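Asks: Attaching a predicted model along with its sequence, questions to come.
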Amino acid sequence: MKPFLTIQEIKEKLEKKEITPKDVLSFYKKRIKKYNPKLNAFLEVFEEEFDKEHSSKGLLAGIPGLLKDNMSQKGRITSCASKILSNYKAPYDATITKKLKDEGAIIVGRGNMDEFAMGSSGEFSAYGATLNPWDSTRAAGGSSSGPAGAVGAGLVPWAIGSETGSSVRIPAAFCNLVGLYPSYGRFSRKGIVAFASSTDQVGPITKTVYDNALLASIMSGNDEGDGTSINQPRQDFTKDLSAKLPQNLKIGVIKDSLESDGVDPQIKESFTSAINNFEKMGATIKYVSIPNIDLGIAVYFVLSRAEAASNLSRYDGTLYGNRDKEATTIEEMYIKTRQNNFGKEVKRRILMGNYVLSAGHKDAFYNKALLVRSLLQKSFEDTFKDVDLLISPTSSTLAFQIGKESSDPLAMYMADFFTVPMCISGIPGLSIPCGFSKENLPIGFQFVGPRFSEHLIYKAAFAYEQQTQFYLKNPAGFE
Amino acid sequence: MYSFSKEELLKIAKLSALHLDENEIEQFAKELQIILEYSSMLNKVVSEEKLEAKPFKTNVFRDDVAIATDSKEILENAPQKKDTFFVVPKIL
C-alpha cells in the first residue's frame, strides 16, 4: 500500500480486491508505530484493534480512524488530555462514536489535544504538543492537534476533531487538510466532554472534501440524547459533487481578509490566488464587510470562558476523575484536586469566566457579549441575502512555532480572528488547502455559509479542490 | 487601562475553588488584565436594538421516563466508594 491514501481510495482498492482488510490494518499499525513517537498525535493506540476480525459491512468498513480524546468510547479512557481525567473510563459510546462504528469504522486510538480543547496550538495538552508533520519545530495546531497531526502525517486516513472557536479548522489549515465546523446542532454531542456548550461542535478532519462529506453524512441526523441536536434526518453530502461550481454562485470575500494588517502576507497571497481561481471558474465575486466581525474574538473570550467556568465546575474529585487523597475536609478536597490537576490555560479560562459572570461585571462583559453575538448573527444573515457563500483565510498566521506564541496569549488567540465569528453565530465553515508558504507550510482558506448550507459548501469546495489539487502534496519524512 | 487587581484575582480564585501559588498570582493577574482590557472593547458598542442572542432551539422535551442504570457502572469511576455510595471527606 502507498501512504497518504484517502478513504475513497482505500475503499476502491478493497472493493477491487487489490488489497485486503488485513493489509490495511497492518499498514497503518506499522506507520503509527514508526512515526507516532516523534509526532505525539496519539495519547493511546488500541493495539488489539489491528489484530481483530472486523465487520465488512458499512461505508467505513475496515477503515481505521482516530477520535479526539474528548469523545466517549465505551470502556476506554477519555482524558481530554487533562491530568484530572487521566483514569476516567467512558461508560458508554458517544452517539457519533456509535454511528461511525455502525458503519464499520475501526477506531484505533485516542487523539491528543489541548487540555479540555482549550488552545489553538495543541501545546496546552498535559501530555505534550503534537508536532506539525510539515515542520517539526512547529505545532500541528489545536485544539484538535492529534487528529490533524495523525491525518496530516498519514497515520490514519481520517479523524474526528471538535471545535469551539477554531479547533478543527485551524489545525486542518496548518496540516494541509480539510476540516469542518458544522451548523450548530448538525452532529450529536452526546458523550462529548463539554467546554463551551453554546459553540462546541464536532467535525471531521480528512485529506479530501469527498472524505469529509462522507464522514459528515454518517455523523448527521437527529439524536434524542442531545437536546441541541437539530431535527433533520441523516443527509448525504457526497451526492452531486462535481468539478463544476454550482451555477451562478455568488461568493463574498470578507474584506478583512485582504485589508487587515494582522493577516500574514503569504496567506493573503495564496488567498488572492484562490479568489482568482473562483473568478476563472465562473463565480461572481463580491467584496463584503461584515459589521462587528472585529468584535468576534472579544465576544468569544467572554462567552467561552463563562461557559467553561460553569462546565468545568463538575471536576471536583467527587464523582469521577482524580482526587487529592491528602485532603481532610471537603473544601480542601475540591481546591487541591483542581489546583493539582488542571493546567495553566484551563485555570486561566475558569478564572476569567467566573470574573465576567460575577456581580458587578456581568453587565459589562457577559450581557454585552450576548448582545454583540446577536448583532453579529444578524450581520451574517444580512450578508447571505446578497451572496451564497463567504470566503476568508482560515488562520491569520502560519503554523505556530512551538513555545513561541503560547507565551503571549493574545497573539495566539488572534489567529482565530476568522474562525470564531462562525462559532458564535452557529453557522458552518469548511477549511480547505489553498497553497504553501515559501517555508513549505500549508495555507488554508474557508468557505462559510448560512445555517444548514453544508451541502452547498461541499459542492463549491469539491470543485475548487478538483481544480487545484493541493491535497496531492504530502509532507516529507513520512514515506 | 482596564483595572484588574490581585485582590480581585484572589476573590475570583476562591469562587473558582482554585488556590493559586505566588507565581500563578503574578502571571494570571498580568495576563487576565490584558485579556479583559481587550474584551472591554465590547463596551464601545452602542446598540439601539435590545437584541438577545437567539437560541437555535427552545423547549426540547422528552417523555419523562425513568431509565434504570446499574449503580456499579456509575461507581466504576468513583475516586472512593463504599457499597453503593460515593465516599467524601466528612462534611459536618
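Replies: On my side now, so go ahead. Residues are numbered from 1 along each chain as shown, chains lettered A, B, ... in the order given.

Asks: next one: the worst-scoring helix or strand of chain A on mean pLDDT to chain centre, how far?
Replies: The helix or strand of chain A with the poorest confidence is helix A:409-414; it has a mean of 84 (mean pLDDT, DSSP states H and E). What separates the centre of helix A:409-414 from the centre of its chain is 18 Å, taken as CA atoms, centre = their mean, to the nearest Å.

Asks: Return the backbone torsion pair for the nearest residue to residue B:75 once chain neighbours are set aside.
Replies: Leaving out its chain neighbours, the residue that sits closest to residue B:75 by CB to CB, 6 or more residues apart in numbering or on different chains is residue B:81, at 4.9 Å. (C-beta placed from N, C-alpha, C; glycine too.) Here is the backbone geometry of residue B:81 (degrees, to the nearest 10): phi -150, psi 160.

Asks: Was I right to think residue B:81 contacts residue B:71?
Replies: No: contact criterion CB atoms under 8 Å: residue B:81 and residue B:71 do not qualify, at 9.8 Å.

Asks: which of the two has more neighbours?
Replies: residue B:81 (15 against 12; other CB atoms under 10 Å in any protein chain shown).

Asks: Can you list the low-confidence ranges for the stretch 351-479 of chain A?
Replies: A:405-407 (pLDDT under 70).

Asks: near chain B at all, the host helix or strand of residue A:462?
Replies: Secondary structure assignment for residue A:462, by DSSP states H and E: helix A:454-468. No: using CB under 8 Å from any CB of the partner chain, helix A:454-468 stays clear of chain B, coming no nearer than 15.2 Å.

Asks: Report the buried residues of that helix.
Replies: Of all the residues in helix A:454-468, those buried under the rule 16 or more other CB atoms under 10 Å in any protein chain shown are A:454-466, A:468.

Asks: Up against chain B, what does the stretch 51-200 of chain A have?
Replies: So far as CB under 8 Å from any CB goes, the stretch 51-200 of chain A lies against chain B at A:87, A:88, A:89, A:91, A:184, A:185.

Asks: So which residues of the stretch 1-150 of chain A form helices?
Replies: Along the stretch 1-150 of chain A, the segments classed as helices by DSSP state H, counting those that start in this stretch run A:7-15, A:21-39, A:95-102, A:145-152.

Asks: Would you mind writing the CA trace of the last one as CSV?
Replies: Pointing back at helix A:145-152 there. C-alpha atoms of helix A:145-152 as CSV (Å, rounded to 0.1, in the frame of the first residue of the first chain):
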residue,chain,number,x,y,z
SER,A,145,-3.8,18.6,17.4
GLY,A,146,-3.7,14.8,17.5
PRO,A,147,-6.4,14.2,14.9
ALA,A,148,-4.8,16.7,12.5
GLY,A,149,-1.3,15.6,13.1
ALA,A,150,-2.2,12.0,12.6
VAL,A,151,-4.1,12.5,9.3
GLY,A,152,-1.5,15.0,8.1
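
Asks: got the angle for whichever helix or strand comes after that helix vs helix A:95-102?
Replies: Later in the chain than helix A:145-152, the nearest helix or strand by DSSP H and E is strand A:158-163. Computed by axes from the mean of the first three to the mean of the last three CA atoms, to 10 degrees, the angle separating strand A:158-163 from helix A:95-102 equals 170 degrees.

Asks: give me the low-pLDDT residue ranges for chain B?
Replies: B:47-57.

Asks: list the buried ones in the longest helix along it?
Replies: The longest helix of chain B (DSSP state H) is helix B:22-39. Within helix B:22-39, the residues scored as buried using 16+ other CB under 10 Å are B:24, B:28, B:29, B:31, B:32, B:33, B:35, B:36, B:38, B:39.

Asks: For the fourth one, which non-adjacent residue is closest in space?
Replies: Think residue B:31. residue A:409 (5.6 Å).

Asks: Now do the contacts for the one you found.
Replies: Residues in contact with residue A:409 (CB atoms under 8 Å, 6 or more residues apart in numbering or on different chains) are A:348, B:31, B:34, B:35.

Asks: Look up how far residue A:105 lies from the spatially closest residue to residue B:86 that is not a sequence neighbour.
Replies: Nearest in space to residue B:86, with sequence neighbours left out and distances taken as CB to CB, 6+ apart, is residue B:78 at 5.2 Å. Relative to residue A:105, residue B:78 is positioned 31 Å away (CB to CB, to the nearest Å).

Asks: between those two, who's got more neighbours?
Replies: Taking other CB under 10 Å, residue B:78 and residue A:105 do not tie; residue A:105 has more neighbours (26 against 17).

Asks: contacting residues for the residue nearest to that one when sequence neighbours are not counted?
Replies: Once flanking residues are discounted, residue A:105 sits nearest to residue A:60: 4.0 Å by CB to CB, 6+ apart. By CB under 8 Å, 6+ apart, the contact list for residue A:60 reads A:7, A:100, A:103, A:104, A:105, A:214, A:218.

Asks: The fifth one touches residue A:65, doesn't it?
Replies: Yes: in this structure residue A:105 lies within contact range of residue A:65 using CB under 8 Å: 5.5 Å.

Asks: Report the central residue of chain B.
Replies: residue B:16 (7.0 Å; CA atoms, centre = their mean).

Asks: Equivalent analysis for chain A, please.
Replies: Geometric middle of chain A (CA atoms, centre = their mean) lands on residue A:168, at 1.5 Å.

Asks: Need the phi and psi values for that residue.
Replies: phi -100, psi -50.

Asks: mind listing what it touches?
Replies: Contacts for residue A:168 (CB under 8 Å, 6+ apart) come out as A:144, A:161, A:162, A:179, A:180, A:181, A:202, A:203, A:204, A:205, A:431.

Asks: Redo the residues you listed as TSV? Include secondary structure.
Replies: As requested, these are arranged in TSV below (DSSP: H, G, I helix; E, B strand; the rest coil):
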residue	secondary structure
A:144	coil
A:161	strand
A:162	strand
A:179	strand
A:180	strand
A:181	strand
A:202	strand
A:203	strand
A:204	strand
A:205	strand
A:431	strand
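
Asks: Quick one, which of those residues are buried?
Replies: Using 16+ other CB under 10 Å, the buried members of the contacts of residue A:168 are A:144, A:161, A:162, A:179, A:180, A:181, A:202, A:203, A:204, A:205, A:431.

Asks: hey, where'd the strands end up in the chain?
Replies: No chain was given, so I picked chain A. Along chain A, counting by DSSP state E, strands occupy A:42-45, A:64-68, A:106-111, A:131-132, A:135-139, A:158-163, A:178-181, A:201-206, A:250-254, A:284-288, A:389-393, A:429-436, A:442-448.

Asks: You answered for a different chain; I wanted chain B.
Replies: B:81-82, B:85-86.

Asks: Neighbours of the residue nearest to residue A:11 when sequence neighbours are not counted, how many?
Replies: Distances taken as CB to CB, 6+ apart place residue A:63 nearest to residue A:11, at 7.1 Å, with adjacent residues excluded. Applying other CB under 10 Å, we find 28 other residues in the vicinity of residue A:63.

Asks: so what's the backbone phi/psi at residue A:63?
Replies: Main-chain torsions, residue A:63, degrees, to the nearest 10: phi -100, psi 120.

Asks: ok, so of the buried residues of helix B:22-39, who is nearest chain A?
Replies: residue B:39 (4.6 Å; CB to the nearest CB).

Asks: Let me know whether that closest one touches residue A:301 as I believe.
Replies: Yes: at 4.8 Å, residue B:39 and residue A:301 qualify as touching, with contact defined as CB under 8 Å.
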